[in-house]
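[1] Generate coordinates for the sequence data below:
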Amino acid sequence: MVLKTTSNPWTCKMNRTASVLLLVAFAGLLLSNTPRAQESAKAWASFEYLMGDWVGEGGGQPGQGAGGFTFLPDLQNHILVRKNHAAYPATKDRPAFTHDDLMVVYRDSDNAPPRAVYFDSEGHVIHYSVTVSADHKTIVFVSEALPSSPRYRLTYSMTGGDALTLKFEIAPPGKPDSFSTYIEAKAKRK
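    Here you go, the predicted model:
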């Protein structure tokens, strides 16, 4: 016995396309629940309090800027991305200006400590090593010490469930541990 169907060839192609798309979606769902994807999410657990959208507190005084930043996982939890924007009002010594930067936090391998690379609208590129305190309440980004370059340190400290302080410090060339505070700020979660 032979079964014969009389179906439109376009319907068959559409059904095959839909089947392939459904299979791809299902495979993606399976892969997102693999141990590797779950490990990537766990790898950033110590950064969890930084995740989200933050706005700076205070400002408004002459020379003080206003702004905020986001800190979010990306590439299926394999990296963290921080985007920052600050606007500074004009003073008697300079016109108003804005500052934008992007920082990507990553690991060279699953067991490696986090590292970061920073880019900003002024043309700076800074490579950081990253340390997290045992209680996960302080995260410090420190650039490497190079003889003829300044050294940078950026510290986030949790001050409450939805509040933090940040400090950006610079050490002059040749004095890699002589940090001076350049910016201190407070932020709250939006």
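[2] The chain: helices as residue ranges?
    9-32, 35-43 (DSSP state H).
[3] which of those helices has the lowest average pLDDT?
    Lowest mean pLDDT of the helices of the chain: helix 9-32, a mean of 43.
[4] Show me the protein divided up by domain.
    Dividing the chain into domains by automatic domain parsing, as the record does, gives the ranges 8-43, 44-189.
[5] Of these, flag the one that's most buried.
    The highest mean neighbour count among the domains of the chain, using mean count of other Cβ atoms under 10 Å, belongs to domain 44-189: a mean of 15. (Each C-beta comes from the backbone N, C-alpha and C, glycine too.)
[6] now for that one, what's the gap between its first and last residues?
    Its first and final residues considered, domain 44-189 spans 18 Å by Cα to Cα, to the nearest Å.
[7] same thing with stretch 55-69?
    The stretch stretch 55-69 measures 7 Å between its terminal residues, going by Cα to Cα.
[8] quick revisit: which of the domains of the chain has the lowest mean pLDDT?
    Among the domains of the chain, domain 8-43 carries the lowest mean pLDDT, at a mean of 46.
[9] how long is stretch 86-104 end to end?
    With Cα to Cα as the measure, the first residue of stretch 86-104 is 18 Å from its last.
[10] Hmm, residue 190 is touching residue 68, no?
    Yes. In this structure residue 190 lies within contact range of residue 68 using Cβ atoms under 8 Å: 7.5 Å.
[11] Find the residues that touch each one of these two.
    Applying Cβ atoms under 8 Å, 6 or more residues apart in numbering, one finds that residue 190 and residue 68 are jointly contacted by 53, 54, 55.
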